[in-house]
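Student: Return a 3D structure for these sequence lines:
(chains A and B)
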Amino acid sequence: MTVRRRGLMGGALLGAGAASNFLRAGDALAQGVQPRRGGTLQSILTPEPPILQIGVNNQGPTLIVAPKMFEGLLTFTPTLEPIPVLATSWTISPDNKEFVFKLRENVTWHDGRPFTAEDVIFSVMKFHMEVAPRARAIFSLIETAEAPDPHTVRFVLKQSFQPFLLMFDATACAMVAKHLFDGQDYRTAPAVQRPVGTGPFRFAEWQRGNFIRLERNPTYWQEGKPYLDNIIYRIVPDSQSRRLALESGQVQLTSASDIEPFDVPAMRSRPNLEVSTQGWEYFSPLSWVELNHRVAPLGDARVRQAMSLAIDRNFIAQRLWFGIGKPATNPVASTTRFFDRSVALPAHNIREANALLDAAGHRPNAQGVRFTLKHLVLPYGEVWSRLAEYLRQSLRQVGIALELESTDAGSWARRIGNWEYETSVNFVYQFGDPTLGVERTYVSSNIQKVTFTNTGGYSNPEVDELFAQARTASTAAERQTAFTAVQRILVRDVPQIWLMEMAFPTISDKRLRNVITTGLGVHTNFADVFLAS
Amino acid sequence: MEASRLPGFLARRVVKSVLVVLAIVVCNFLLVHAAPGDPASVMAGQSGAADPLFLEQLRRQFGLDQPFHIQLWVYLKSVLSLDLGFSHRQQAPVAQLIAERLPATLLLTGAAFIFAVGGGVALGALAARRVGSWADSAITALALTFYATPLFWVGLMLVLVFSVWLEWLPSFGMSSVGVELHGMAVVWDVAQHLLLPALTLGLFYLAVYARLTRATMLEVADQDFVKTARAKGVPEGRITRAHILRNALLPVITFAGIQAGQLVGGSILVETVFAWPGIGRLAFEALLARDYPVLLGVFFCTSVIVVLFNLATDLLYAVIDPRVEVG
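Tutor: All right, here's what the predicted structure looks like:
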């Protein structure tokens, strides 16, 4: 027996009611100002992605541009309630094994062909399963996928999997057209160069190294939308030039890492600009000092605890990131489901850190150094270099000497992936649910020579067991119990030294409205965004 | 120059050049692959998620699962048939990627080159003619300043003055995007965008040419044939142009030949500061992404141009100074 849950009706079910409230809240944002049709939004994209076909390429910048052209079945509010997009409603069986989506009718691809259940099944079972590692890991749980009629899709899973819906945002599983990919190599099909989706904007032009232009889709399924005629993403590689472009009004929107954190206070003080750090709740990136447990003495929990105590996370959040983001308390970000605020890391305490290191038998030598560790600096820009310098200073206070090594992105990914590092810094997206974005870093079954797996090599059978329970439990209450227990153990063991719940500044011209209306911020389709006159 | 010796000279030089370029291709290939990391691990790092299958699929697609010597052999074969290969990362032929960026780079470096050579030689000649005067001091001081200032700083300062304070010129890009322009309006638009980057790139070389021209002209001016010319009553302007400047040009041409060879390579720094969509950035980004075919393609084009310009410079010596013989 299945419980029927409708997207825009019914209150208590899976937050569908909250979703509709939120949409109304989104409309309210625009109140007082009538949405205006027309105009070109100039924005910035850093760095330039190699390919815009989402799925084939899943880099940060692609996840910003592609969702204007491609849509998912759902998207999510800041509190991670689903909002209907290409699915109008959905029902979930009580054991979280069967998911039925009703699809929106009268939706067409940019080439005019109709969007149907066949496209959904192809996108999930073939396209993303083949090209996207993250989707593959989840979609391989699907036992059957069928289309009882052209506008209904039914998935039956091999096991209960409560976070399944979270996989249907455009950034995780964008719907792609079966007729453009089926029977071809998905990575080299012609459509990869000229993306075709159902979204409010169509691919228009891409001059590499210069700009990407998207144009209004006149046959978009939402009558009268989108409001903008064009969105242009300029490629500006230098961060100071990006800041100037924003200040001088040459662009009206920047996001992600476009503007360095230390430039943000100046942007906040400009009357024509608005700075927001909302709109990253779905991703909830969490940063940490990445430790390789195979390197002595990092396998010793006391040493890791001491390092964690030696770091002042408030300083990092306030002085290095200028308040964009907040100190991490726990391996789960506070905006991710099942975060337990009662489980928190102990506060900054140098004396206790020293005591722990003494107890672990690491006596300081004549120079006050207990031991030396190499640190691979995360090569993602100025602020990360400053973080590495701060870490060196604060760890030196407890007698740990950090030797900084610089590298470039290619070497960094290779060395982390091959476990050829002692310490580094890393940040990963949590995708709304610990099973989707936290588990991978701590379970021993995911100790692999691949970046963003459990590269540190932490292994604890209790943790493995709890994550497995939480993964397959059918109710949220059971999952919460397991996740609370696992947060307790991880905060005690400190397998990685969590630093910050990260956010990124979205800076926009005040005339630009409805930029951030969901938990995905600038990664949504921008159908509602308009330029007030 | 004896006309009969020229074909033989050219043939020998061309054969030598082809060998040099091939050696460069092999060296580049070894160097590029010596950098740690590969395109698959970069993609994995940038995507924020990966599994072993993903890495294996990419490596197979990129041809990285082949033994190293086979990869080298395949690349050499394709270069010999003038095929620069395919960028799997960007899903586009390398020749096309380079061709897309080449006009922007040639426009920028060409403009900077003409500005630098023309302005530098003129200023250097003026300074040498009026040696010791206030004009000489001013030119020398300016040249030294531009010579010693880092490019990116000059660029940022120019942007600050002309884009931010005066709001006369755009601060980045090659043209206005998102507006419809036709005919002369396009030329004017691009010219406005070109001015600051070309100036930034050109000022350093302008300083080099000015100093070089001034120094060699002063050296030549002391020589006997100049005194003879003056004793014969040749007018001072003609002495400067035909006797001093022409003889002083050889070092300038040598340097211009070197700089011209770099025209195609673009300038990573200036292209980055001004978001100019040129080859330099293409190469730099290809390096960071370990996009081997693109990087090798840019290196190949650059080395061919350098070799060609060296050859042209050698021939030009003989034209400027008949005492120089080719062969």
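Student: and the stretch 401-533 of chain A, which residues reach chain B?
Tutor: A:408-417, A:428-429, A:448-453 (CB under 8 Å from any CB of the partner chain). Glycine gets a C-beta too; all of them are placed from N, C-alpha and C.
Student: Return the residues of the stretch 1-150 of chain B in contact with chain A.
Tutor: Along the stretch 1-150 of chain B, the residues adjacent to chain A under the rule CB under 8 Å from any CB are B:35-38, B:41-55, B:61, B:87-92, B:97, B:100-101, B:104.
Student: Could you list which of the residues of the stretch 401-533 of chain A next to chain B belong to helices?
Tutor: Per DSSP state H, helices hold the following members of those: A:Ala409, A:Gly410, A:Ser411, A:Trp412, A:Ala413, A:Arg414, A:Arg415, A:Ile416, A:Gly417.
Student: Which pLDDT value belongs to residue 181?
Tutor: Answering for chain A, as no chain was given. The per-residue pLDDT reported for A:Phe181 equals 97.
Student: wait, I meant chain B there
Tutor: Reported pLDDT for B:Leu181: 80.
Student: I'd like to know how far it sits from chain A.
Tutor: Between B:Leu181 and chain A the computed distance is 14 Å (CB to the nearest CB, to the nearest Å).
Student: Name the nearest residue to that residue, ignoring sequence neighbours.
Tutor: Distances taken as CB to CB, 6 or more residues apart in numbering or on different chains place B:Asp189 nearest to B:Leu181, at 5.6 Å, with adjacent residues excluded.
Student: helix or strand for that neighbour, which one?
Tutor: Assignment of secondary structure by DSSP states H and E places B:Asp189 within helix B:184-221.
Student: what packs against that helix?
Tutor: Contacting helix B:184-221 under the criterion 3 or more CB pairs under 8 Å, 6 or more residues apart in numbering or on different chains; DSSP states H and E are the following elements: helix B:94-129, helix B:134-148, helix B:151-158, helix B:246-261, helix B:268-273.
Student: Let me know the angle separating it from helix B:246-261.
Tutor: Computed with axes from the mean of the first three to the mean of the last three CA atoms, to 10 degrees, the direction of helix B:184-221 lies at 140 degrees from that of helix B:246-261.
Student: Tell me which of the helices and strands packed on helix B:184-221 sits most buried.
Tutor: helix B:268-273 (a mean of 23; mean count of other CB atoms under 10 Å in any protein chain shown).
Student: And the next helix or strand past that one?
Tutor: Sequence-wise, the next helix or strand downstream of helix B:268-273 (DSSP H and E) is helix B:279-289.
Student: Now look at that following helix and say if it contacts chain A.
Tutor: Yes. Helix B:279-289 reaches chain A (CB under 8 Å from any CB) through B:Arg281, B:Leu282, B:Glu285, B:Leu287, B:Leu288, B:Ala289.
Student: Give me the subset of the residues of the stretch 1-150 of chain B next to chain A that lies in strands.
Tutor: Judged by DSSP state E, strands contain the following of those: B:Ser87, B:Ala92.
Student: Count the residues that sit near the residue of the stretch 201-327 of chain B found nearest chain A.
Tutor: Chain A sits closest to B:Pro277 of the stretch 201-327 of chain B, with a gap of 3.3 Å, by CB to the nearest CB. Using other CB atoms under 10 Å in any protein chain shown, B:Pro277 has 25 other residues around it.
Student: And for the one 3 residues further on?
Tutor: B:Gly280 is surrounded by 25 other residues when neighbours are defined as other CB under 10 Å.
Student: And B:Gly183, by the same measure?
Tutor: 7.
Student: what's the answer for A:Asp464, then?
Tutor: A:Asp464 has 17 neighbours, counted by other CB under 10 Å.
Student: quick one, what contacts it?
Tutor: For A:Asp464, the contact set (CB atoms under 8 Å, 6 or more residues apart in numbering or on different chains) comprises A:Val443, A:Ser444, A:Ser445.
Student: List buried residues within the residues of the stretch 401-533 of chain A next to chain B.
Tutor: A:408-417, A:428-429, A:448, A:450-453 (16 or more other CB atoms under 10 Å in any protein chain shown).
Student: ok, and what's touching the longest helix seen in chain A?
Tutor: Scanning chain A for the longest helix, with DSSP H as the assignment, gives helix A:476-493. If you take CB under 8 Å, 6+ apart as the criterion, helix A:476-493 is touched by A:162, A:301, A:304, A:330-332, A:338-340, A:342-345, A:434, A:442, A:458, A:460, A:462-463, A:466-467, A:469-470, A:473.
Student: Next: stretch A:199-206.
Tutor: Identification of contacts with stretch A:199-206 by CB under 8 Å, 6+ apart yields A:52, A:67-71, A:110, A:170, A:194-196, A:211-217, A:220, A:222, A:225-226, A:228, A:230-231, A:525-527.
Student: Quick check: buried residues in it?
Tutor: So for stretch A:199-206, counting by 16+ other CB under 10 Å, buried means A:Gly199, A:Pro200, A:Phe201, A:Arg202, A:Phe203, A:Trp206.
Student: For it, output the C-alpha coordinates as CSV.
Tutor: The C-alpha trace of stretch A:199-206 is given here as CSV (Å, rounded to 0.1, in the frame of the first residue of the first chain):
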residue,chain,number,x,y,z
GLY,A,199,14.9,25.0,-19.3
PRO,A,200,13.9,28.6,-19.6
PHE,A,201,17.1,29.5,-21.4
ARG,A,202,18.6,28.0,-24.6
PHE,A,203,22.2,27.7,-25.5
ALA,A,204,23.0,30.5,-27.9
GLU,A,205,26.8,31.1,-28.3
TRP,A,206,30.1,30.3,-26.6
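Student: Relative to the whole chain's centre, how far out is that stretch?
Tutor: Centroid separation between stretch A:199-206 and its chain, computed with CA atoms, centre = their mean, to the nearest Å, is 23 Å.
Student: for stretch A:217-226, same thing?
Tutor: Chain-centre distance of stretch A:217-226: 28 Å, with CA atoms, centre = their mean.
Student: Show residues contacting that stretch.
Tutor: A:37, A:104, A:106-108, A:110, A:112, A:198-202, A:216, A:525-529.
Student: Read off the pLDDT value for residue 1.
Tutor: Picked chain A for this. pLDDT, A:Met1: 39.
Student: hmm, I had chain B in mind actually
Tutor: B:Met1 is assigned a predicted lDDT (pLDDT) of 45.
Student: Right, I'll call it a day here.
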